[in-house]
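**Q** Model the following, please.
(one chain, ligands or ions: 2)
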Amino acid sequence: MLRALELRKDFGGLTVLHPVSVDFRPGEVHALMGENGAGKSTLMKVLAGLYRPDGGHIEWRGVHADFASPHDALVAGIAMIHQELMPIPDLTVAENITLGSEPCSSFGRVDRAAQLARAQELLGELEADIDPARLMRTLTVAQMQVVEIAKALGRNADVILMDEPTAALSDQEVAALFRAIARLKARGVAIVYTTHKMDEVFRLADRISVLRDGSLVGTAPASEMNPAKLITMMVGRELADIFPVRQPPTDELLLEVSDLTHEPAYRDVSFQIQRGEVVALAGLMGAGRTEVVSAIYGLQPASSGRISFHSRTLSILSPQDALAAGIGMVTEDRKGLGLIPALGVGQNITLTALRDLSNGPLLNHRAEAAAVNSRMTEFAVKASSRAQPIAQLSGGNQQKALLARCLLGNPDLIILDEPTRGIDIGAKAEIYALIQKLARAGKGILLVSSELPEVLSLAHRIVVLRRGSVSATLDAASTDQETVLRHSMPL
Ligand code: ADP
Ligand code: MG
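**A** Residues are numbered from 1 along each chain as shown. Ligands and ions are numbered 1, 2, ... in the order given. Reported below is the predicted structural model:
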């Protein structure tokens, strides 16, 4: 249906898409995979008429096509859901969804009732409970993303390019999107899909194409791929190099959690962490993982149970208590709880350690600069300088900066809640190496992660939560994805 023939794209003299040839078929979900910067969005934008190719061309239904604008591509039947959301905040949800294809009455005026009904229908396809009369600006990011998807569905396109559509969505919203994609497939629509989430690829894709550094590494049916092979194609390295070999933990007990309870989120949660041990909390979204680690870090204290650390019972009522005891945490929500977007990378790193870097009321700037520079090197935080606003960095570099900040206080236990969510595989590999380095240095690591390959390869032990209770404690070396999933699923 749609074919890229030797497509090339340059930006400012730099070729970011080397001649790429790939075809997209009706009724197929075609996943485009690759690290950040591999060229996935650029390829999609050329196909959607947003960028003109600097070489090669597009074939549409067997005919040479030359889209001068996204409008041209849309008229031909190609719609795109952009990675960067493009909502118009002062219009309503319905106006955003029908933008450019507003239903009109016989007098040529926009038919408001029909517009609302159409928006309602499209949101219904996504099982979304969003009032179409609301102003776009009042929506959450997840809701805006659902609206973007509804908008693309409404174009009745034959090809829908979806650039990381699930980045901000909850599990339920993702499930609804997948059901909508299945219906589109059945109607013969071609879907081109990018994501950072491995499990999504194998649930959705019929074929997978991999881009690396702007070149096509290969295209294969999903049935002939597996996560290890895919990752190797994406990064050009073997999986064994991504997950360094685990060292056995010491037998010195570091943390003991007994019967931790906070109804209705979780109850009677007990587990231990030795020095040098990585323990993963696995489970589905909503199983209580984040709530349990929040209790250990004092963000949301438990109502009963005991936390013993270095063989002493602790009363942790706030993150200050946790930090003072030697427990640090990097939260799941980088933007909300973690970083201050407008401040420089350096300031973000030293934010919580300013007291240690001060002489009385005065900040010791030289000490701060030295601390920051050594941390940025150690953690391979890539930025133009330590003054560069952290908001400008990639997710992976933001995450490394947050880890650097957490470690400035030299905690003995480090809690990491979804440390690799939404970051590319190269940065993931760096964070994995760091986690293992910390474990080798005798730290305890409590890891919350939804990515099972990560849990299985990094952790020594896996504590599975199901609806707020521990359903299993597994030795990671002798278990597998199936077993973890079986213990995660509601009975
Ligand atoms: P991906 O979607 O796979 O993460 P992109 O297609 O966004 O990758 O980017 C590919 C490369 O092109 C990157 O090196 C990026 O910095 C560069 N790039 C993307 N868009 C532009 C642009 N508008 N101007 C200059 N360079 C760009
Ligand atoms: Mg992209």
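**Q** ok, and the closest non-adjacent residue to the residue most central in space within the chain?
**A** When C-alpha atoms, centre = their mean is applied to the chain, the residue found nearest the centroid is Gly422 (2.3 Å). Spatially, and ignoring its direct neighbours in sequence, Gly422 is nearest to Gly395 (5.1 Å; C-beta to C-beta, 6 or more residues apart in numbering). Any C-beta I mention is one placed from the backbone N, CA and C, and that applies to glycine too.
**Q** how much space between Glu451 and Lys197?
**A** Going from Glu451 to Lys197 by C-beta to C-beta, to the nearest Å gives 8 Å.
**Q** before we move on, the earlier item: looks like the residue nearest to Gly422 contacts Thr420 (just checking).
**A** No. Counting by C-beta atoms under 8 Å, Gly395 sits too far from Thr420 to count as a contact (9.2 Å).
**Q** Can you pull the residues that touch both of the two?
**A** Common neighbours of Gly395 and Thr420 (criterion: C-beta atoms under 8 Å, 6 or more residues apart in numbering): Ala427.
**Q** So between the two, which is more surrounded?
**A** Each of Gly395 and Thr420 has its neighbours counted (other C-beta atoms under 10 Å); Thr420 has more, 25 against 18.
**Q** Gly426: how many residues sit nearby?
**A** 16.
**Q** Apart from its neighbours in sequence, what residue is nearest whichever residue of the stretch 251-400 of the chain sits closest to ligand 1?
**A** At 9.1 Å from ligand 1, Ser394 is the closest residue in the stretch 251-400 of the chain, using C-beta to the nearest ligand atom. In space, and not counting its chain neighbours, Ser394 is closest to Asn36: 5.8 Å by C-beta to C-beta, 6+ apart.
**Q** Can you check the pLDDT for the one you found?
**A** Asn36 carries a pLDDT score of 75 in this model.
**Q** cool, and the one 4 residues further on?
**A** Residue-level confidence at Lys40 comes out at 95, pLDDT.
**Q** same check, this time on Leu7
**A** We have a pLDDT of 97 for Leu7.
**Q** Please look at it and Arg52 and confirm they touch.
**A** No. Contact criterion C-beta under 8 Å: Leu7 and Arg52 do not qualify, at 10.5 Å.
**Q** what's the overlap in contacts for the two?
**A** Residues touching both Leu7 and Arg52 by C-beta under 8 Å, 6+ apart: Val46.
**Q** more neighbours, the two?
**A** Taking neighbours as other C-beta under 10 Å, Leu7 and Arg52 compare with Leu7 leading, 25 against 11.
**Q** contacting residues for the more buried one?
**A** Leu7 touches Leu17, Pro19, Val20, Ser21, Leu43, Val46, Pro53, Gly55, Gly56, His57, Ile58, counting by C-beta under 8 Å, 6+ apart.
**Q** run the last query once more with 7 Å
**A** Leu17, Pro19, Val20, Leu43, Val46, Pro53, Gly56 (C-beta atoms under 7 Å, 6 or more residues apart in numbering).
**Q** ok, the second one to ligand 2 distance?
**A** Pro19 sits 20 Å away from ligand 2 when distances are taken as C-beta to the ion, to the nearest Å.
**Q** helix/strand/coil for that residue?
**A** strand (DSSP: H, G, I helix; E, B strand; the rest coil).
**Q** What is the burial count for it?
**A** When neighbours are defined as other C-beta under 10 Å, Pro19 has 17 of them.
**Q** Just say helix, strand or coil for the nearest residue to it once chain neighbours are set aside.
**A** Computed as C-beta to C-beta, 6+ apart, the closest residue to Pro19 that is not its neighbour in sequence is Glu6, at 4.0 Å. Secondary structure, three-state DSSP: Glu6 is strand.
**Q** which residues touch Glu6?
**A** Pro19, Ser21, Gly55, Gly56.
**Q** wait, isn't the third one in contact with Arg8?
**A** Spelled out, that is Gly55. Yes. In this structure Gly55 lies within contact range of Arg8 using C-beta atoms under 7 Å: 3.3 Å.
**Q** burial count for the closest residue to Phe243 other than its chain neighbours?
**A** Counting by C-beta to C-beta, 6+ apart, Phe243 lies nearest to Ser457, which is 3.9 Å off, once chain neighbours are set aside. A count of nearby residues for Ser457, using other C-beta under 10 Å, gives 19.
**Q** wait, Asn318 sits on Tyr297?
**A** To be clear, residue 318 is Ser; Asn isn't right here. No. Counting by C-beta under 7 Å, no contact exists between Ser318 and Tyr297, whose distance comes to 9.1 Å.
**Q** quick one, which of the two is more surrounded?
**A** More crowded of Ser318 and Tyr297, by other C-beta under 10 Å: Tyr297, with 24 against 12.
**Q** that older thread, drop anything exposed from the contacts of Glu6.
**A** Neighbour-count burial (16 or more other C-beta atoms under 10 Å) applied to the contacts of Glu6 gives Pro19, Gly56.
**Q** Now the closest residue to ligand 2 within the stretch 301-450 of the chain: closest residue in space, sequence neighbours ignored.
**A** Closest to ligand 2 within the stretch 301-450 of the chain is Asp424: 9.7 Å, counting by C-beta to the ion. Excluding the flanking residues, the one nearest Asp424 by C-beta to C-beta, 6+ apart is Asn36, at 3.7 Å.
**Q** list the helices and strands the host helix or strand of Arg183 packs on?
**A** Arg183 belongs to helix 171-186 when assigned by DSSP states H and E. On a contact count with 3 or more C-beta pairs under 7 Å, 6 or more residues apart in numbering; DSSP states H and E, helix 171-186 meets helix 141-153, strand 190-194, helix 198-204.
**Q** Show residues contacting it.
**A** Outside helix 171-186, the residues that touch it by C-beta under 7 Å, 6+ apart are 27, 29, 125-128, 142, 146, 149, 153, 160, 165-166, 169, 191, 203-204, 285.
**Q** Okay then, goodbye and thanks.
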